[in-house]
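# 3D model of this:
(chains A, B and C)
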Amino acid sequence: MPELPEVETVARDLQRRVAGAVITDVDVRWDRTVRHPEPPERFAAELRGARIQRVGRRAKSVLLHLADGRVMTVALRMTGALIVAPSGTPDDPYARVVFHLADGRQLRFRDVRKFGRIGLWEGGGLHRRAAAPGAASRAVRESRDPYRVGDVFARHGPEPLARSFTAGRFGARLRGRTGRLKSLLLDQSLLAGVGNIYADEALWRARLHPLRTANSLSEAEVRRLHRAVRAVLRQGIANRGSSISDYVGADGEPGDNAEQLAVYRRTGEPCLRCGREIARIVIGQRSTHFCPRCQREPLLWEGPQA
DNA sequence: ACGCCTACCTGCTTGC
DNA sequence: TGCAAGCAGGTAGGCG
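Model prediction:
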């Protein structure tokens, strides 16, 4: 469900609502949601009495910075949501982890499909350069604790909305890559935060066919894609995210960006630029939407293609 | 290192 | 109406 704009919206909501709150107890109702530390009783024990100081985001994870320097990471994956429930709110059968706050409210991790993951880590290392690919997950798997939050994101690429993420830097990361643009935009080690919705939207905006390969792009096209990625993400944040079926912010309200989407899940509707019907194809098992006229097909030099 | 594929889960929609 | 298949915003892990 949530990509960068949705996760950013949740993080900003939580910053307003739970910064300063103290966690008094934790119910883990689906053990596998908690990945570190384990077992869940230990996760709960380590959080009792912790104060949430600040809420932020890295990639598609919400970061709850605790007053003692530790960081809780919440990866929402497909259907995860973090919702602040006032005291007395009816229970939610899909709440997988419930954080009880000292003021009587609950911070609920709701997750129908149970793909979401929560971890608790020592602070530090968030802003350093990427380590060797694979090192992070291997180390986490093998670690006897304490493990730093920066290591969790060691394989992730840069934040697309950071000032330091320039077209030149984007081009350097794309250089030599033979993969298709659609798949590369979804690759979190190339760039962090773009998912299926915003990948399609960015390619439409940049007028690039999703099957184009990175190494086929001119410098001007790289600049166009760079601008487009940033624009669609910023617009998504401004509209509090795209709610296709069940995404909601921490206030439980859906975002307004779905109606602004140009191609995502608009198969058969007219292109906003040229009127041609939006097409849907599958790339790397992911549904992909684009305008066959505005986003010209790459030249195919081999193999039977649709 | 890269690309491709599967698994992880549940619920909703679609087509027969 | 029932039932099975297909689809969904993500990503770790295994394969070649």
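# A:Ile52: neighbouring residues, count only.
Residue neighbour count, defined by other Cβ atoms under 10 Å, stands at 23 for A:Ile52. C-betas here are computed from N, CA, C, even on glycine.
# does it count as helix, strand or coil?
Following DSSP: H, G, I helix; E, B strand; the rest coil, we place A:Ile52 in the strand state.
# and the residue of the stretch 151-300 of chain A found nearest DNA strand B, how many residues sit next to it?
Nearest to DNA strand B, among the residues of the stretch 151-300 of chain A, is A:Gly179, at 2.6 Å (Cβ to the nearest atom of the strand). Applying other Cβ under 10 Å, we find 16 residues neighbouring A:Gly179.
# so who does it touch?
Contacts for A:Gly179 (Cβ atoms under 8 Å, 6 or more residues apart in numbering) come out as A:Asp187, A:Thr213, A:Ala214.
# Against DNA strand B, which of those make the cut? List them.
Applying Cβ under 7 Å from any atom of the strand to the contacts of A:Gly179, one finds that A:Asp187 fall near DNA strand B.
# Who wins on neighbours among the contacts of A:Gly179?
Going by other Cβ under 10 Å, A:Ala214 tops the contacts of A:Gly179 with 22 neighbours.
# Give me the nearest residue to A:Leu181, chain neighbours excluded.
A:Arg212 (5.0 Å; Cβ to Cβ, 6 or more residues apart in numbering).
# Likewise for A:Val26?
Nearest non-adjacent residue to A:Val26, counting by Cβ to Cβ, 6+ apart: A:Ala44, 3.9 Å away.
# tally of neighbours for that neighbour?
Residues near A:Ala44, counting by other Cβ under 10 Å: 18.
# Tell me, what's the model's pLDDT at it?
Predicted confidence (pLDDT) for A:Ala44: 98.
# At the contact with DNA strand B, which residues of the stretch 151-300 of chain A appear?
A:Arg177, A:Thr178, A:Gly179, A:Arg180, A:Ser183, A:Leu184, A:Asp187, A:Ser189, A:Ser245, A:Gly284, A:Gln285.
# for the first one, helix, strand, or coil?
When the structure is reduced to helix, strand and coil (three-state DSSP), A:Arg177 reads as coil.
# gap between A:Arg265 and A:Ala279?
Distance of A:Arg265 to A:Ala279, given as Cβ to Cβ, to the nearest Å: 12 Å.
# Which residues are in contact with each of the two?
What both A:Arg265 and A:Ala279 touch, as defined by Cβ under 8 Å, 6+ apart, is the set A:His289.
# okay, now the residue nearest to A:Leu181: neighbour count?
Neighbourhood size, A:Arg212 [other Cβ under 10 Å]: 22.
# wait, it sits on A:Pro298?
Yes - taking Cβ atoms under 8 Å as the definition, A:Arg212 is a contact partner of A:Pro298 at 4.8 Å.
# Would you enumerate the residues in contact with A:Gly123?
A:His65, A:Gly69, A:Arg70, A:Val71, A:Arg148, A:Val149.
# I figured the second one hits A:Trp121, correct?
By that I understand A:Gly69. No - the criterion here is Cβ under 8 Å, and A:Gly69 misses it with A:Trp121 at 10.1 Å.
# Tell me which of those two has more neighbours.
Comparing A:Gly69 with A:Trp121 by other Cβ under 10 Å, the one with more neighbours is A:Trp121, at 22 against 11.
# quick one: the nearest residue to that one once chain neighbours are set aside and DNA strand B, what's the gap?
Spatial nearest neighbour of A:Trp121, excluding adjacent residues (Cβ to Cβ, 6+ apart): A:Val149 at 4.1 Å. From A:Val149 across to DNA strand B, the span is 22 Å (Cβ to the nearest atom of the strand, to the nearest Å).
# Cool, thanks, signing off.
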